[in-house]
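Undergrad: Fold the following.
(one chain, ligands or ions: 2)
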Amino acid sequence: MPHPHDETTDGELGARRSVAYVLPVYNEAEGIETFHTALVEATGARTDLDFEFVYVDDGSADDSLDRLLKLRGDDDRVTVLSFSRNFGHQVAVTAGLDACTTADAVIVMDTDLQDPPRVSIEMLDLWDRGVDVVFAQRRSRQDSRFKRATAFGFYWVLDRMADIEIPRNVGDFRLMDRKVVAEVTRYREQDRFLRGIVAHVGFRQEALLFDRDPRFAGETGYPLRKMLRFATSGLIGFSTAPLRWISRLGFAISAFSVLLAVYVLGVRIFSPENSVPGWAFLGVGMFLLSGLQLIMMGVIGTYLGRVYVEAQDRPLYSLALSARGSRDVDGGRR
Ligand code: UDP
Ligand code: MG
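TA: Ligands and ions are numbered 1, 2, ... in the order given. Next up is the predicted model:
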């Protein structure tokens, strides 16, 4: 069965397919030239494709922008977008995707050489075979023990909480077919967790295992503070479970108050000499009331969760194919 992108791109005989790289840059002046050289060298292997390199300078404080503009002067396949301030990695990638909706495939990768350019060429092979999203999954990583441990904990929690399955040990290094890019760019939430959005969109997704290299130069743009905020976006953006947990906790505490009442009654009946007057009323009452309050907060939380999901205003669905009648001029293509 022919794959949809064969039809849209190779349909006209001889039409070359284009691949755009989306490359977020934040204080990468030291390594950016090395990165670009490595990327150009790797992409040289695919002479059948037209490449475009979209660098998004995320308000770098060093001279990353000047160096990017220099790259732009030497290579007309380079596009440089520059933010007015630091908006964060996820927004930088989004801006890059917004600028690449006409490319047949988009590859998102870090510019610190942690995502090896040759792996992106392997992604293209999978894309040729009809895979719509190729996400690079880390077989190993050279990060600190702390980063590895926190990442493991984060994915563990995410796995249990999120409403959709978000693959583990996957960053934003991935290839997306143009139809996936078209869908992903429809998600306009402020607090972005792109890997969750891509998982949410669907289509044919496959993992490609790779070994993550250490950072080539400079230092991480994701200090603990940013990492925590990012992890929260992932959990909160794809789950309203914490709101429902309030009710569950309330039920547990209320149940405990019932057990306590039974116990107090037992003491009263079977060993009245040990019962302390007034204690039962206070103890049982405290647990019962706080339990009830939590249940009620959970009820409010459940409604709030629905308001939240509606306020996210995400697209309801993404079409993989629409075969319309022959009178439709579009012929089903979007
Ligand atoms: N980055 C960005 N904006 C930021 C932080 C990082 O565009 O606020 C870019 C950075 O230049 C790199 C990628 O996002 O290309 C990943 O960042 P980094 O390597 O610092 O994160 P880590 O690999 O340590 O998680
Ligand atoms: Mg990095």
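
Undergrad: okay, now Asn27: neighbour count?
TA: Applying other CB atoms under 10 Å, we find 20 residues neighbouring Asn27. Every residue, glycine included, has its C-beta placed from N, CA and C.

Undergrad: Distance-wise, check Arg195 relative to Val276.
TA: From Arg195 across to Val276, the span is 57 Å (CB to CB, to the nearest Å).

Undergrad: These two: which is more packed in?
TA: Taking neighbours as other CB under 10 Å, Arg195 and Val276 compare with Arg195 leading, 20 against 10.

Undergrad: so who does the more buried one touch?
TA: Contacts here follow CB atoms under 8 Å, 6 or more residues apart in numbering; on that basis Arg195 touches 135, 166-167, 170-172, 234.

Undergrad: quick one: which of the residues you listed sit in strands?
TA: Residues of the contacts of Arg195 located in strands (DSSP state E): 135, 170-172.

Undergrad: Show me just the buried residues among those residues.
TA: Buried by 16 or more other CB atoms under 10 Å: 135, 170-172, out of the ones in strands among the contacts of Arg195.

Undergrad: Closest one of those to His89?
TA: Using CB to CB, Asp172 is the member of those that lies nearest His89, at 7.5 Å.

Undergrad: I'd say that closest one and Val108 touch.
TA: Yes: in terms of CB atoms under 8 Å, Asp172 counts as a neighbour of Val108; the distance is 5.3 Å.

Undergrad: intersection of neighbour lists for the two?
TA: Residues touching both Asp172 and Val108 by CB under 8 Å, 6+ apart: Val93.

Undergrad: packing partners for the helix or strand containing Leu289?
TA: Using DSSP states H and E, Leu289 sits within helix 279-312. Helix 279-312 sits against helix 241-270, with contacts defined as 3 or more CB pairs under 8 Å, 6 or more residues apart in numbering; DSSP states H and E.

Undergrad: who are the neighbours of the helix it packs on, in terms of helices and strands?
TA: Using 3+ CB pairs under 8 Å, 6+ apart as the contact test, the elements touching helix 241-270 are helix 279-312.

Undergrad: Would you mark the buried spots in the helix it packs on?
TA: So, applying 16+ other CB under 10 Å, buried residues of helix 279-312: 280, 283-284, 287-288, 291, 294-295, 297-298, 301, 305.

Undergrad: Just give me the closest of the buried ones among the ones in strands among the contacts of Arg195 to Ala103.
TA: Of all these, Ala103 sits closest to Asp172, with 16.8 Å by CB to CB.

Undergrad: got the contact list for the closest one?
TA: 89-90, 93, 108-110, 194-195 are the contacts of Asp172 under CB under 8 Å, 6+ apart.

Undergrad: In this protein, which residue sits nearest ligand 1?
TA: Proximity of the chain to ligand 1 (CB to the nearest ligand atom) peaks at Gly221, 2.8 Å away.

Undergrad: quick one: secondary structure of that residue?
TA: What DSSP: H, G, I helix; E, B strand; the rest coil gives for Gly221 is coil.
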